[in-house]
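# Okay, sequence plus prediction incoming.
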Amino acid sequence: MIRPSRRTMLRGLTLAAASTTIPLTIPLTMTTQAASAMTSAPPPPLRQMRGMWIASVLNINWPSRPGLSADAQKAEYLAWLDLAQTRRLNAVFVQIRPTADAFWPSPYEPWSQYLTGVQGRDPGYDPLAFMVEETHTRGLTFHAWFNPYRVSMQADPAKLHPDHPGRRHPDWIVSYGGKLYYNPGIPEVRAFVQDAMMDAINRYDIDGLHFDDYFYPVNTPAFDDSAAFAKYGQGFPDLAAWRRDNVDLLVREMQERVRHGKPECAWGISPSGIWRNKGTDPLGSDTSGSQSYDSLHADTRGWVKKGWLDYIAPQIYWYIGQSNADYARLIPWWSDVAKGTGVQLWIGQAAYKAGAAGQPAPWQQPDELTRHLTLNRDHPVVGGDIWFSASDVRDDRLGTVTRVVADHYRRPALNPLLPRLAGGAPPRRPVLTHARVTGGGVEVCAVAAGGGRPFQFAIFRLDRPATPQDFEHAGSLVAVVPGGRHLTWTDPSGAKGARYYVTAVDRAGRQSRPSRGAVAR
């Protein structure tokens, strides 16, 4: 579950306006494990999800505290993009609706208190518009992370903004565990939260709509939805089955609305990593942990098998060999669930546990996280990872994240291509005008065909003429840079005689045919 072990602030982070130059060479030392595996390992994947979660609830990541000026908030966000580029990530998952509030001027819900310290107070700019534009300027994709039903981290409805929907519709609200929630069993609530989220998807140039694992808070009658169950639960054998159907309806209807409203927007969920235990259900995993099907009323396996998602990113926040929830057993289980469904499988990784005080011994080993990705390579259904959270990716305790980058992210990677979009028309083949040796390396210049403006350019370097297979993996990929009408990029590692090729990539991840090659002279 996306729950940090502590609140990590941005103290000490340099908040300088970021350059739009993507670093190519990162001063990393390849580990012995990675070096010895290079001759036997398959070529690095051309496409791989490499994301990180940027959490706004309780100001965990961004903004670092409420009430910062607009300029300070912007500078902090640019610093997170700097971090993503340094770690060779290609996507950010930013929490823009943490508690039935908004990081954009929403007609449905008030401005978030995590911006200004006061719910409903205008921060003086449009944070979502700023974030999307700056993220795309770096050639990164922006996934909007929403919490559908959580209303407040405190339990008093009177503390909500006077115009908050929870104040106008008190019957929509359930208080439980010191927090407030929208009641998922009321059809009007389900339609409303969809409307509130789709407002951002329809108005902004967003690449993905993302939920985490917060649906119903817990399997208990203390979450008092008895009146809604009495009104809407006829025909269900029990309260749990009705609650599960309510969550299923939200998931299925969100898919329909995303596909209709913005077909090229990726839609997915990062649930808790255990659907059900084998001891409860023979279809379950060989685990003995909390079951999302029962505790959160989330039929995560069912969503995948029914094709209701573009991707699923289970939060497998356990170490290899953990007795009740072994990472090494959950990866093959989830791979089997997703195989053949057309639903992408990405893995939620617990960067927040690596090297953290109080965590058990395996998390104190610098190679625990890199071992996760090494294990993933044996399961090709796994298409990448998302790291929780940005602060922990930055803090890099024990050098665990640096080691992941050295072992697994030495080459750039394009974002995954959703199977349902693979048949669309790719960008036109760019024209590579020259590859010229300069004092700083090799300058590569290209022009998009037909006046187009692709989202990215992918640059390949070889020491021989290319074959079609060279563009199917990242073994020769040296850079993925932001797109536009023209490309001018210098390869600091290039030399006379190297052969360069360029492809254009659109926002969906579709790639053009490679340009004609140019020899560096």
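Done, it's in.
# When you work out contacts or count neighbours from here on, use the C-alpha atoms and nothing else.
Noted.
# Show me where this protein has its helices.
32-37, 70-86, 113-116, 127-137, 165-168, 187-203, 226-232, 239-261, 292-295, 300-305, 327-338, 368-376, 390-395, 400-408 (DSSP state H).
# residues contacting the most centrally placed residue in the chain?
What sits nearest the mean C-alpha location of the chain, by CA atoms, centre = their mean, is residue 93, with 4.1 Å. Counting by CA atoms under 8 Å, 6 or more residues apart in numbering, residue 93 makes contact with 51, 52, 53, 54, 142, 143, 144, 145, 210.
# Beta-bridge partners for it, please?
Residue 93 forms beta bridges with residue 53, residue 143, as assigned by DSSP bridges.
# okay but residue 492 is in contact with residue 441, surely?
Yes - using CA atoms under 8 Å, residue 492 is in contact with residue 441, at 4.4 Å.
# neighbour-wise, which of those two wins?
Using other CA atoms under 10 Å as the criterion, residue 492 and residue 441 rank with residue 441 on top: 17 against 14.
# so what's the more buried one bridging to?
As for beta bridges, residue 441 partners with residue 438 under DSSP bridges.
# how close does it sit to residue 466?
To residue 466, residue 441 is 21 Å away according to CA to CA, to the nearest Å.
# so which of the contacts of residue 93 is the most crowded?
Tallying neighbours with other CA under 10 Å puts residue 51 at the head of those, with 30 neighbours.
# show me what contacts it?
Contacts for residue 51 were tallied using CA under 8 Å, 6+ apart; they are 89, 90, 91, 92, 93, 385, 386, 387.
# Columns distance to residue 132 on top of those residues, output as JSON lines?
Output for those, formatted as JSON lines (distance: CA to CA, whole Å):
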{"residue": "89", "distance to residue 132": "16"}
{"residue": "90", "distance to residue 132": "14"}
{"residue": "91", "distance to residue 132": "11"}
{"residue": "92", "distance to residue 132": "10"}
{"residue": "93", "distance to residue 132": "11"}
{"residue": "385", "distance to residue 132": "21"}
{"residue": "386", "distance to residue 132": "18"}
{"residue": "387", "distance to residue 132": "20"}
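# Identify, from these, the entry nearest to residue 253.
residue 93 (21.6 Å; CA to CA).
# how near is the residue nearest to the centre of the chain to residue 442?
Per CA to CA, residue 93 is found 34 Å from residue 442.
# can you list the domain ranges for this structure.
For the chain, automatic domain parsing gives the domain ranges 32-146+185-214+230-272+298-421, 431-519.
# distance between the ends of the shortest one?
Criterion CA to CA; first-to-last residue distance in domain 431-519 is 14 Å.
# what distance separates it from the middle of the whole chain?
26 Å (CA atoms, centre = their mean, to the nearest Å).
# pLDDT of that domain, averaged?
For domain 431-519, mean pLDDT is 97.
# returning to that earlier point: and the contacts of residue 93 as JSON lines, adding distance to residue 500?
Putting the contacts of residue 93 into JSON lines (distance: CA to CA, whole Å) gives the following:
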{"residue": "51", "distance to residue 500": "28"}
{"residue": "52", "distance to residue 500": "31"}
{"residue": "53", "distance to residue 500": "34"}
{"residue": "54", "distance to residue 500": "35"}
{"residue": "142", "distance to residue 500": "29"}
{"residue": "143", "distance to residue 500": "32"}
{"residue": "144", "distance to residue 500": "35"}
{"residue": "145", "distance to residue 500": "38"}
{"residue": "210", "distance to residue 500": "37"}
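# Closest one to residue 379 out of those, please.
residue 51 (19.0 Å).
# Quick check: that closest one vs residue 334, distance?
From residue 51 across to residue 334, the span is 19 Å (CA to CA).
# now swap in residue 413 and tell me
In terms of CA to CA, residue 413 sits 23 Å off from residue 334.
# Those two: who's more crowded?
residue 334 (27 against 24).
# Can you tell me who the closest residue to the more buried one other than its chain neighbours pairs with across the strands?
Leaving aside its sequence neighbours, residue 334 sits nearest to residue 345 (CA to CA, 6 or more residues apart in numbering; 7.8 Å). Per DSSP bridges, the residues bridged to residue 345 are residue 312, residue 382.
# what residue of this structure is the furthest out?
Max radial position in the chain (CA atoms, centre = their mean) goes to residue 521, at 40.6 Å.
# So it sits against residue 499, correct?
No - Residue 521 lies out of contact with residue 499 (CA under 8 Å); the separation is 9.8 Å.
# what about residue 423, how many neighbours?
Neighbour tally, residue 423, other CA under 10 Å: 9.
# Now do stretch 207-218: distance to the chain's middle.
12 Å.
# Now do that stretch: distance from first to last residue.
Note: stretch 207-218 ends 31 Å apart using CA to CA.
# could you give me the average pLDDT of it?
Averaged across stretch 207-218, pLDDT comes to 93.
# What lies in contact with it?
1-2, 93, 141-150, 184, 201, 223, 243, 247, 264-272, 295-298, 507.
# hang on, isn't residue 67 packed against residue 115?
Yes - counting by CA under 8 Å, residue 67 does reach residue 115; the two are 6.1 Å apart.
# Comparing these two, which shows the higher neighbour count?
residue 115 (27 against 16).
# mind listing what the more buried one touches?
Per CA under 8 Å, 6+ apart, neighbours of residue 115: 63, 65, 66, 67, 68, 103, 123.
# how about the nearest residue to the fifth one, chain neighbours excluded?
So the one you mean is residue 68. residue 116 (6.9 Å).
# From what I see, the one you found and residue 64 are in contact.
No - here residue 116 does not reach residue 64: they are 11.3 Å apart, not a contact under CA under 8 Å.
# Have a look at the two and say which one is more surrounded.
In terms of neighbours (other CA under 10 Å), residue 64 is the more surrounded of residue 116 and residue 64; the figures are 23 against 20.
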